[in-house]
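# Everything below, folded, please.
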Amino acid sequence: MPRIAPRPTPLSAGARLKLMWLASPALPVGGFSYSEGLEAAIDAGLVSSETDAANWLRDQLLLAVARSDLAVVVRAVPAWQRNDLVRVRELNDWVVQTRETAELRLQTEQMGRSLVEWLRNGDRAPLDTPVVATSVSAHATEPDPRLVQCAALPPAPTWPIAFALAVAQCLPPSNGLTDGEPALREALLSFTFGWAENMVQAAIKAVPFGQSAGQRILQSLIDAIPEAIDHALSLPDSQRQAFTPMLAILSARHETQYSRLFRS
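The predicted structure follows:
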């Protein structure tokens, strides 16, 4: 008789809420400080309208985010669940080495460090602290040793690696998620929606345009997110990539841009 794999355990309401929390632009990791090259594209006249911004961000989602950071989260969540530190460090090294400009590397390292510190503050919270005042690891009975391991990654924990640890803390222990598990897909939805909302807010401030236009752009990104996640899940390590030369050139120019709102 063929063996039938057990059905994945559905996420609890608490785990879903924690993943939603991680997607919030209000997460105190500084994501609002960065435009990931969008501000430089606006300064260069490449993005000047709602349509331009929607097309730019959709291309960035499918050609950059899905192939790099999102694909790293796919591998890093189960690695943290297995406590496979060799694999985690390998993935963190890849993120650092593939950042094409100083400011993009600064972004991923600063946001990674900030998220780890936020998680550590939650780990130290008293057991009776209300959940709204603590991090996703609140009510832990003892500190999570993976936080120390993540903080010690050289030269710093990067954003997708730290995010993957936060996701692993949200989920029940396992021997490692598989690509098709709903829990991993929901984690990827959280990561990608958080990116989309931050970038839309950057566009609203820098182009600029109104909130209604921003919501239309966000809807176009939401329509593209499932495709981006499917692509990230399908990528073997050999096909993961961070090759966006036009974006890299704009980011390098942004480092010396005369007037700017954002750090990238």
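
# Who are the packing partners of the helix or strand residue 163 falls within?
Assessed by DSSP states H and E, residue 163 sits inside helix 159-170. Contacts defined by 3 or more Cβ pairs under 8 Å, 6 or more residues apart in numbering; DSSP states H and E place helix 159-170 against helix 13-22, helix 69-82, helix 85-98, helix 102-123, helix 145-151, helix 182-206. In this view, the C-beta of every residue, glycine as well, is placed from N, C-alpha and C.

# do that again at 7 Å, thanks
Applying 3 or more Cβ pairs under 7 Å, 6 or more residues apart in numbering; DSSP states H and E, one finds that helix 159-170 makes contact with helix 13-22, helix 69-82, helix 85-98, helix 102-123, helix 145-151.

# Also compute the angle for that helix relative to helix 69-82, please.
40 degrees (axes from the mean of the first three to the mean of the last three Cα atoms, to 10 degrees).

# Relative to residue 232, which of the helices and strands packed on helix 159-170 is closest?
Residue 232 lies closest to helix 69-82 among the helices and strands packed on helix 159-170, at 4.0 Å (Cβ to Cβ).

# Spit out the contact partners of the residue sitting nearest the centre point of the chain.
For the chain, the residue nearest the mean C-alpha position is residue 191 (4.4 Å; Cα atoms, centre = their mean). Going by Cβ atoms under 7 Å, 6 or more residues apart in numbering, residue 191 touches 70, 73, 163.

# hmm, who's touching the helix holding residue 163?
For helix 159-170, the surrounding residues in contact (Cβ under 7 Å, 6+ apart) are 15, 18-19, 22, 69, 72-73, 76-77, 80-81, 88, 91-92, 95, 108, 111-112, 115-116, 119, 136-137, 144, 146, 150, 153, 187, 191.

# hmm, back to that, which stretch in the helices and strands packed on helix 159-170 has the least confidence?
When the helices and strands packed on helix 159-170 are compared by mean pLDDT, helix 13-22 comes last with a mean of 84.

# Need the CA coordinates for that helix. CSV is fine.
Coordinates of each C-alpha in helix 13-22 appear next as CSV, following Å, rounded to 0.1, in the frame of the first residue of the first chain:
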residue,chain,number,x,y,z
ALA,A,13,-5.2,31.9,15.1
GLY,A,14,-2.3,33.1,17.3
ALA,A,15,0.3,32.1,14.7
ARG,A,16,-1.6,33.8,11.9
LEU,A,17,-1.8,37.0,14.0
LYS,A,18,1.9,36.9,14.7
LEU,A,19,2.6,36.5,11.0
MET,A,20,0.4,39.5,10.3
TRP,A,21,2.3,41.4,13.0
LEU,A,22,5.5,40.7,11.2
